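Trainee: The sequence isn't on hand, but the structure is:
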DNA sequence: TTGTAAGCGTTATCAC
DNA sequence: GTGATAACGCTTACAA
C-alpha cells in the first residue's frame, strides 16, 4: 500500500520510507501494472484510433496528431487499420472495447459503420468521428467543410475554362464523397452548367480505383476536360493511367483532387488541390475525445468543421489558360 | 466460470447452457475485459511499436506492415511517436512495459537508445530492432543492407560522371547514417577518389535539416556536383533550398537519397533513390517478435537484412550525361 | 505514517 | 457439465 502511495505521488509517506521504496523500485526495475490498476480503477489510459489506412498521406498526419495529443494527456493509442473493410472495422471496435479503451477516435469506413457505432453511442461510450460523418450517429465530430471545399475547387476549374468535369468518388455511402459531390453540383448550378450523372465515376478510393476510373474516362465518347478526384490516392492512380496512355496533364486533361501532400509538393509543385489540415483536425478531435472521457463535455454534440484551402498549381491547367490569353 | 468457458470456446459445456449464455452475452453486449484476463494470464495481447515519426513516408508503411501482421496474430498495436527524442523514447518504453505489452518493435532514435533497451534485453523481454542497429544491444533485427545500398548509389553517381559528392546525414550516432556513409566511402575508394570529410554534413534528418545543409552546400567554395542524403525528408529539404536559390536539379546539381515514395514517383518520376521494402521489413520484424513472444525462437539472435534497390530516375543527372554523349 | 481487508473481472484448479 | 475458491496486482476505505 505504501508502495502504491509512492508510485502515485500521494502524500502521507515519510521522506525516509519514500526514499527506501524508490531505491527498491529502481533496483528491481519495478513497473506498476496498468492492467491491474486499470482493472480496479476502470481506467485503462488507452484510446483507440481506427483509420482506413495509416500509410495514406492524409491519414498518416492524422495518426501523428492524435497520438501526440493523447500522449500529452497521459494516454496511449491503440492503432487500427480498417483497410476500408467494414467487417474488420467491426472486429476492431469490439476488440478495443474488450481492451477497455476509454474512448474511440474513428474515421469510419462509411455509412454502414452505423451498425457497430450505434452500440457505442447507446452505451454513451466516448466517441469522436473524424473526417467522415455517419447518418444516425450523433456524436462529436471533426471534419472538413467538404461542400464548400469542392465548390471552391469546381469554381476554380470553371474559371480556368473547364465546362466538362468528371468526378471520381466513393460508392455513395461515404459522407466525404457525397458532400464533395454536392459542392461540385452547387458550383455547376451557380455557373448554369448542367450536371451529368454520367461524369460521376464510383470506385474504390485508392490508387487502383483511380487508375481504372481514368481508363474509363479515356474511353468516353465525349471526354471531359478535367478530372476531379475525391482524394489524393485516386489522383495518383489517374496520373498513372494518363502517363501510360500518353495523355498529358494538364495539357490534354486537367486533374485536381482533395488532400495535399506536402513533401510531394516540394519535389514537384504540380497538383492543384484542396488542402486539409489533417494533423490539426486529429489534434482537435483528440481534445474533444479527452473531454468526453474526462466527463467535462456536456450533453451537446460538437461538430467542428475546418475550411479546406485551395492550392492552385499546375495540374488544373491554369497556366495553359494564361498562355492562351497572352 | 461456465461463461468463461463459453467465451473461450472451451469444451465441457452442454449445448443448452452454451446457448443460454450466448444469448445473455448478446443481450448484454458483454465484452470480456482483457485487462482482467491479461492480469491473470500475464498476456495483454498488446505489442508496442515505437518509430521516430509515423507521418514520414518511410515509417508510415512500417506502421501499416507491423499492425497488419500483429492483427493477424490476434495482437493489437500500441503506437508511439518518439519524435527522435531520446527522452520521449525512454518514457514510451517504460510506459509500454507498464501496459504489459508482450513485446516491443522499435526503430530507435540512435545509439544512445542503448540505455533503455539494455534493461529490456537483460530482462529477456521480446524485442526487435527495426531499421537501425544499436551497438551493445544483441537482439533480433530487421534492417536494410545500408552499406551495399549506399555503395550502389555512389557507384551510380560516379558512373554518371560525379566526382564530388556531398553527403547529408545524422549525427554520427545512428547506425543507418554510419553504414550509408561507409558504403559511400567504399565506393569512393574503389573508384580511387579521395573521400573528403568536409563534404559530409551532419544534420537532423528532417526537411529542415536538409534545407539548412543545402544552404551550406550552396555556400561552399568548391561546390560538389551531387548531393546524397541519408533519407527522403532531407532530400525534400534540399529540393526546397535549391528551388529557392534557383539552382536546378539535376542541371546545376544532382540529388539522390534513400527511401522511395511511391505515390510521389507516380506524380513525378524524378528522384533517383535507394528503395527500401518498408512494409515487408515491418511484417518480417513483427513475425520475429511474435515468435519471440510465443517462445519458439531459440536463443540465437536473428539479423535479417534486406537489399536496397537502386531506382534511377531524373535527379541524378543521368539524362544530362546521355545528352552530352550523343 | 503505515498497514489490513476487500474487491476489480478474469482463469486455473479442484470439488461436486 | 457445473460451480466454488483462490489468485493475478493493484486501489479504496478504513484501522492501527
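Mentor: Ah, there it is. Because the structure is predicted, anything quoted here is derived from the model rather than measured.
Trainee: what pLDDT does the most centrally placed residue in chain A get?
Mentor: By Cα atoms, centre = their mean, chain A has its centre lying nearest to residue A:131, at 4.3 Å. Predicted confidence (pLDDT) for residue A:131: 98.
Trainee: show me what contacts it?
Mentor: Neighbouring residues of residue A:131 by Cβ atoms under 8 Å, 6 or more residues apart in numbering or on different chains: A:62, A:107, A:142, A:143, A:144, A:176, A:281. For every residue, glycine as well, the C-beta is placed using N, CA and C.
Trainee: gap between it and DNA strand C?
Mentor: 32 Å (Cβ to the nearest atom of the strand, to the nearest Å).
Trainee: Then residue A:120?
Mentor: 17 Å.
Trainee: What about that residue, how many residues nearby?
Mentor: Number of residues near residue A:120 (other Cβ atoms under 10 Å in any protein chain shown) recorded here: 20.
Trainee: from what I can see it touches residue A:127, true?
Mentor: Yes. Look at residue A:120 against residue A:127 with Cβ atoms under 8 Å: they come within range, at 5.2 Å.
Trainee: Next, show the common contact partners of these two.
Mentor: Residues touching both residue A:120 and residue A:127 by Cβ under 8 Å, 6+ apart: residue A:104.
Trainee: one step back: from the contacts of residue A:131, which is closest to DNA strand C?
Mentor: residue A:107 (28.2 Å; Cβ to the nearest atom of the strand).
Trainee: can you give me phi and psi for residue A:250?
Mentor: phi -100, psi 0 (degrees, to the nearest 10).
Trainee: Can you list the low-confidence ranges for the stretch 151-300 of chain A?
Mentor: Counting by pLDDT under 70, the stretch 151-300 of chain A contains no low-confidence residues.
Trainee: Around whichever residue of it sits closest to chain B, how many other residues sit close by?
Mentor: Of all residues in the stretch 151-300 of chain A, the one sitting closest to chain B is residue A:268 (3.5 Å; Cβ to the nearest Cβ). Residue A:268: 16 surrounding residues under other Cβ under 10 Å.
Trainee: ok, now residue A:56?
Mentor: Using other Cβ under 10 Å, residue A:56 is surrounded by 25 other residues.
Trainee: That one contacts residue A:233, correct?
Mentor: Yes. At 6.2 Å, residue A:56 and residue A:233 qualify as touching, with contact defined as Cβ under 8 Å.
Trainee: Overlap of the contact sets of those two?
Mentor: Residues touching both residue A:56 and residue A:233 (Cβ under 8 Å, 6+ apart): none.
Trainee: Quick check: residues of the stretch 201-326 of chain A near DNA strand C?
Mentor: Residues of the stretch 201-326 of chain A lying near DNA strand C by Cβ under 7 Å from any atom of the strand: none.
Trainee: Would you map the strands across chain A?
Mentor: A:46-51, A:76-81, A:103-106, A:127-130, A:140-144, A:165-169, A:200-202, A:226-229, A:254-258, A:272-275, A:303-306, A:309-311 (DSSP state E).
Trainee: Most neighbours among the contacts of residue A:131, which one?
Mentor: The most crowded member of those, judged by other Cβ under 10 Å, is residue A:62 (29 neighbours).
Trainee: Could you find the closest non-adjacent residue to that one?
Mentor: Leaving aside its sequence neighbours, residue A:62 sits nearest to residue A:282 (Cβ to Cβ, 6 or more residues apart in numbering or on different chains; 4.3 Å).
Trainee: Was I right to think that neighbour contacts residue A:64?
Mentor: Yes. Contact criterion Cβ under 8 Å: residue A:282 and residue A:64 qualify, at 7.4 Å.
Trainee: So which of these two has more stuff around it?
Mentor: When residue A:282 and residue A:64 are compared for neighbours, residue A:282 comes out ahead with 29 against 24, by other Cβ under 10 Å.
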